[in-house]
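Trainee: Below is the sequence, then the predicted model.
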Amino acid sequence: MSDQFDRASELEQLHRDDALANQQSHNHQIEQPYEHDGVRYCLSCHCSIGTDRLVANLQAVRCVPCQQQHE
Ligand SMILES: [Zn+2]
């Protein structure tokens, strides 16, 4: 049965498209924070954003230097 395999690779492709859309989200007005395993990563340089920054700004999607460049 090759149907099952096709379905699996189709889902995999969908997942990849999602990841790509996330990477490109900084081109849009509404920005989704990128989080993995409870750590949030900067949309610009992909470094992890410190919890102290998140406490100060829960909506932060970038580290401090990248946010300053962005504004
Ligand atoms: Zn950054």
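Mentor: Yep, that arrived.

Trainee: What helix or strand is the residue lying closest to R53 once chain neighbours are set aside located in?
Mentor: Nearest residue to R53, sequence neighbours excluded (Cβ to Cβ, 6 or more residues apart in numbering): A60, at 5.5 Å. Where C-beta positions appear, they are placed from N, C-alpha and C, glycine not excepted. Assigned by DSSP states H and E, A60 falls within no helix or strand.

Trainee: any idea how far A56 lies from Q67?
Mentor: Counting by Cβ to Cβ, to the nearest Å, the gap from A56 to Q67 is 11 Å.

Trainee: In terms of packing, which of these two has more residues around it?
Mentor: More crowded of A56 and Q67, by other Cβ atoms under 10 Å: Q67, with 17 against 10.

Trainee: Identify the residues contacting the residue nearest to H70 when sequence neighbours are not counted.
Mentor: Spatial nearest neighbour of H70, excluding adjacent residues (Cβ to Cβ, 6+ apart): R62 at 6.2 Å. R62 sits next to C42, L43, S44, C45, I49, H70 when contact means Cβ atoms under 8 Å, 6 or more residues apart in numbering.

Trainee: ok, the fifth one to V39 distance?
Mentor: The one in question is I49. I49 sits 8 Å away from V39 when distances are taken as Cβ to Cβ.

Trainee: same deal with T51?
Mentor: 9 Å.

Trainee: moving C-terminal of the biggest helix by length in the chain, what's the next helix or strand?
Mentor: Across the chain, the longest stretch assigned as helix under DSSP state H is helix 3-23. The helix or strand immediately downstream of helix 3-23 is strand 34-36, counting by DSSP H and E.

Trainee: Wondering if that next one reaches the ion at all.
Mentor: No: Strand 34-36 does not reach the ion (Cβ under 5 Å from the ion); its nearest approach is 11.1 Å.

Trainee: what residues does this protein put near the ion?
Mentor: Proximity of the chain to the ion (Cβ under 5 Å from the ion) is limited to residues C42, S44, C45, C63, C66.
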